[in-house]
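>>> The following block contains a protein sequence and its predicted model.
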Amino acid sequence: MINKIQTILVAGYGVMGKGVAASFHAGGFDVTILTRDPAKALANAPAGVKAVSSLPDEPPDYISENYPEEIAPKQDLFAAIEAKWGGASIIASNTSGLDLEDLAAPLQHKNMFMGVHYLQPADAFACVEAIRISATSDETKDRVVEALKRTDKEVVLLNRPIIGALFNRLQHAMLHEAYWMIEQGLCSVEDVDKFARLAMGPRMCAGGLIEVKDLGGLVVHAASQSEIIPKLTLSKEPAPFVQNLPKQGFTGADAGRGFYNWHGKDVEKRRREVKEMTRKILDIVEPEARARD
């Protein structure tokens, strides 16, 4: 019988941490937030969630790490966790791109570690990916998957780590080609988003990425692939114009400029709209997808 996870520590309360905490809270877990400013965190946290600025005395069953994408702060947190509690808690990193084996290298209890990566906003999406490292025990994997399912998530399980895991690896492969086409002047940012919203998005919602190819016929698909794949950019270098945007101060909506100009626009309102629209889409898609699976 699985020793069920019940107490959760969400380390880091940015956009991702907020969604993770809300997801576990909605699933009936006992949630505590680890953050530099507990009072600020509690001002917009769900009722009943606790907040602390240092590791509590009692070890939680599960720790969701949501620190920025830098290896040193994450490993500093892991070292503090093991120094205080040893291997009493499962540690799950929400990294989107770091090497999980490298991240776990200093840990003394690697069997209690794995990656658990959410799409943003974490509480809106019905799917989450769990990634084992070579040392992750079956017990840890089983306990984590069971807990995630109690938050009403479908779990995509990767049996070994790979940079970007499933979600970001596929997403960035598509984005890389899109950025190249934009840079070549073949289309605009707006055109790419129109395709995603009005063509690819609805199609994938209905039939997935691969099932639609079966439904359409693999003779045509195989022929198209043989023609298109050799013509893709397939560059190993990140798109220069994307890399330059943050250097120019264009860091996204909160800064007023990213790919789009956000000056004079209500960014929080737009975030709420996207989140609500995501939930509405999932209300239609998720029941049918679960019934089919």
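That came through, no problem. Numbering: from 1, shown residues only.
>>> among the helices and strands of this protein, which one scores worst on average pLDDT?
The least trusted helix or strand in the chain, going by mean pLDDT, DSSP states H and E, turns out to be helix 267-292, with a mean of 83.
>>> Check which residues of it are buried.
275, 278, 282, 286, 289 (16 or more other C-beta atoms under 10 Å). Heads up, the C-betas are built off the backbone N, CA and C, glycines and all.
>>> Also stretch 148-157?
In terms of neighbour count (16+ other C-beta under 10 Å), stretch 148-157 has its buried residues at 148, 151, 153, 155.
>>> again, but for stretch 174-190
176, 177, 178, 179, 180, 182.
>>> The third one against residue 191, yeah?
No: here residue 178 lies out of contact with residue 191, judged by C-beta atoms under 8 Å, at a distance of 9.3 Å.
>>> hmm, what's the outermost residue in this structure?
Farthest-out residue of the chain from its mean C-alpha position, per C-alpha atoms, centre = their mean: residue 219, at 34.4 Å.
>>> pLDDT at that one, what is it?
Reading off the confidence values, residue 219 has pLDDT 94.
>>> Distance check, it against residue 226.
Using C-beta to C-beta, to the nearest Å, we find residue 219 at a distance of 11 Å from residue 226.
>>> do the same with residue 53
Counting by C-beta to C-beta, the gap from residue 53 to residue 226 is 58 Å.
>>> so which helix or strand takes in residue 136?
When elements are assigned from DSSP states H and E, residue 136 belongs to no helix and no strand.
>>> Just read off the phi/psi values of it.
With angles defined as degrees, to the nearest 10, residue 136 sits at phi -60, psi 130.
>>> residues contacting it?
Residue 136 sits next to 110, 111, 113, 114 when contact means C-beta atoms under 8 Å, 6 or more residues apart in numbering.
>>> Just give me the closest of those residues to residue 57.
Nearest to residue 57 among the contacts of residue 136: residue 113, at 22.2 Å, using C-beta to C-beta.
>>> phi, psi of the closest one?
Torsion angles at residue 113 (phi, psi; degrees, to the nearest 10) stand at phi -130, psi 140.
>>> Run a quick neighbour tally on it.
25 (other C-beta atoms under 10 Å).
>>> What of residue 229?
The burial count for residue 229: 9, using other C-beta under 10 Å.
>>> Assumed it was part of a helix.
Yes: checked against DSSP: H, G, I helix; E, B strand; the rest coil, residue 229 lies within a helix.
>>> roughly how far apart are it and residue 176?
Noted for residue 229: a distance of 14 Å to residue 176, by C-beta to C-beta.
>>> who touches residue 61 in this structure?
By C-beta under 8 Å, 6+ apart, the contact list for residue 61 reads 5, 6, 7, 8, 89, 90, 143.
>>> Kindly reformat those residues as CSV and extend each row with distance to residue 240.
Converted to CSV, these look like this (distance: C-beta to C-beta, whole Å):
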residue, distance to residue 240
5, 44
6, 48
7, 46
8, 41
89, 42
90, 40
143, 44
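>>> In helices, which of those residues appear?
The members of the contacts of residue 61 that map onto helices under DSSP state H are residue 143.
>>> so what's the most centrally placed residue in the chain up against?
Geometric centre of the chain, nearest residue: residue 118, 2.6 Å, by C-alpha atoms, centre = their mean. Shown in contact with residue 118 (C-beta under 8 Å, 6+ apart): 16, 19, 20, 23, 94, 125, 128.
>>> which of the residues you listed tops the neighbour count?
Highest neighbour count within these, by other C-beta under 10 Å: residue 20, with 29 neighbours.
>>> got the contact list for that residue?
When contacts are counted by C-beta under 8 Å, 6+ apart, residue 20 is found next to 10, 64, 66, 94, 118, 122, 123.
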